[in-house]
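Colleague: I'd like to go over a predicted model; first the sequence, then the structure.
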Amino acid sequence: QARNAFRSPSTRGTTFLFDSSAQVRELLEKDYPVFNNLIMKKNVDAWKVLGESEADGFTVFALSDDAMQNLGSKKLEQLADDRNTETAEKIGSYHAVNEPVSAGDLYFSGGIVTVGGVVDVGRSRTGGFFGFGGKEDGGVTVNGANVVKTIQIEDSKSLVHEIDALISPEILWRYVDQLRIPGSS
């Protein structure tokens, strides 16, 4: 059973699978179906970039179904709406990195460059008051989302990090309803 691989920068708690990037797609379909169907499956451009990086490995940040449900029904409906495909693709591009980013790499970095742009990486903290005075708990946050576990694809350098929230910029949500015609639903 996978545990949080970010309690230390080693591979403890990392789940290993066999195969290549095709296995990543299968894993997303099987273990992260809502995230895959609403965000990654439609994202041809991100998969093209990841496919070009297959030999060297790549990283995908995926949300569990529970984390996707925490977005709320309105945001899920917006992601499912075909009129918002471009925004869903942009959101997905922030969840793909064209190189492998391991637990140790994340833990010791201040940020990563995704297909969509730069995303801040920090260390999670517990306690404190409004973000002050807390103590590092050994975990990692990616643009505020906690990394829950890591799955490394064996026989390749590719990784899937499960996270508990979207890591794309909040401003992208402003665009999901821009194509609406006044008076339409």
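Modeller: Here it is on my side, so go on.

Colleague: what stretches of the chain score poorly on pLDDT?
Modeller: 1-20, 124-138, 177-185 (pLDDT under 70).

Colleague: quick one: the strands in it?
Modeller: Taking DSSP state E, the strands of the chain run over residues 15-18, 59-63, 96-97, 111-113, 118-126, 135-142, 145-154, 159-163.

Colleague: who does the most centrally placed residue in the chain form a beta bridge with?
Modeller: Geometric centre of the chain, nearest residue: residue 61, 2.3 Å, by Cα atoms, centre = their mean. When bridges are called by DSSP bridges, residue 61 pairs up with residue 161.

Colleague: that one and residue 141 touch, don't they?
Modeller: No. Counting by Cβ atoms under 8 Å, residue 61 sits too far from residue 141 to count as a contact (11.4 Å). (Glycine included, C-beta is placed from N, CA and C.)

Colleague: joint contacts of these two?
Modeller: residue 147 (Cβ atoms under 8 Å, 6 or more residues apart in numbering).

Colleague: with residue 35 as the reference, measure out to residue 64.
Modeller: 8 Å (Cβ to Cβ, to the nearest Å).

Colleague: more neighbours: which of these two?
Modeller: More neighbours surround residue 35 than the other of residue 64 and residue 35, with 25 against 17 (other Cβ atoms under 10 Å).
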